[in-house]
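*Asks:* Mind folding the following:
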Amino acid sequence: MSKNKKGRVSMDLTPKASRITEQEIQHWHEDFLNHCPSGRLDKQAFIEYYKKLYPREETNKSIEHIFHMIDVNNDGTVDFHELLIVIVLIDHLNDLESRLSFVFDIWDDSEDEHINQKELENMISAMYDRAGITDRKGDQHPKKRAKEIIAKLDISGDKKLSKEEFIIGCKNDPVIRNLFTPDT
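*Replies:* Purely as a prediction, here's the structure:
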């Protein structure tokens, strides 16, 4: 997986690179065209289709972040190739480091290769939504949690997290890791 010059996710999606078969790709493509004969999904249609594929996975806010990340040509729609990126990443990211890298890329809204406090607050709020956590007062307030996480994981002292700091910190702290990758 790599980012193109606009910072959007791109990857070689051949079966060899992604470990998926031609038959799987063909099946997903047929289903995509049955759902969307035009071959393109706008943001709302993408959210609905994503929820069909992954009924209990993410909140609308998280899905919107995924949409913007995979809209490689930045045209406000997603084609099958762009959708296939999500399918491959979600279904075939088995190792923790790859999943954490994907989570980081989704929430790096500024595309500056760092997650600042506001981006981390948004990420925490979305993870709370996903987990059904409604008590967000005191120690559970996203702003407070974001400050604490940055203070704990920010090795460089720049008050934001690089991808490396995020991954290392999450790998070494099970509480933080479970917040951002609850299925691992």
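*Asks:* What residues does the residue with the largest distance to the centre of the chain make contact with?
*Replies:* Largest separation from the mean C-alpha position in the chain: residue 138, at 26.9 Å (CA atoms, centre = their mean). Shown in contact with residue 138 (CB atoms under 8 Å, 6 or more residues apart in numbering): residue 144. Any C-beta I mention is one placed from the backbone N, CA and C, and that applies to glycine too.
*Asks:* Can we start the residue count at 44 from this point?
*Replies:* OK, 44 is where the count begins now, so the last one is residue 181.
*Asks:* if I look at it, how far off is residue 198?
*Replies:* Applying CB to CB, to the nearest Å, the value for residue 181 to residue 198 is 27 Å.
*Asks:* Could you find the closest non-adjacent residue to residue 128?
*Replies:* By the measure of CB to CB, 6 or more residues apart in numbering, the closest residue to residue 128 outside its immediate chain neighbours is residue 113, 4.9 Å from it.
*Asks:* Let me have stretch 70-85 in CSV, keeping just the CA atoms, if that works.
*Replies:* Output in CSV follows, covering the C-alpha atoms of stretch 70-85 (Å, rounded to 0.1, in the frame of the first residue of the first chain):
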residue,chain,number,x,y,z
HIS,A,70,-17.7,-11.8,-7.6
TRP,A,71,-17.2,-8.5,-5.8
HIS,A,72,-17.3,-6.7,-9.2
GLU,A,73,-20.6,-8.3,-10.2
ASP,A,74,-22.1,-7.5,-6.8
PHE,A,75,-20.9,-3.9,-7.1
LEU,A,76,-22.4,-3.5,-10.6
ASN,A,77,-25.7,-5.0,-9.4
HIS,A,78,-25.8,-2.5,-6.6
CYS,A,79,-24.5,0.4,-8.7
PRO,A,80,-25.0,0.0,-12.5
SER,A,81,-23.2,3.4,-13.2
GLY,A,82,-20.0,2.0,-11.7
ARG,A,83,-19.6,4.9,-9.3
LEU,A,84,-20.8,5.5,-5.7
ASP,A,85,-21.1,8.9,-4.2
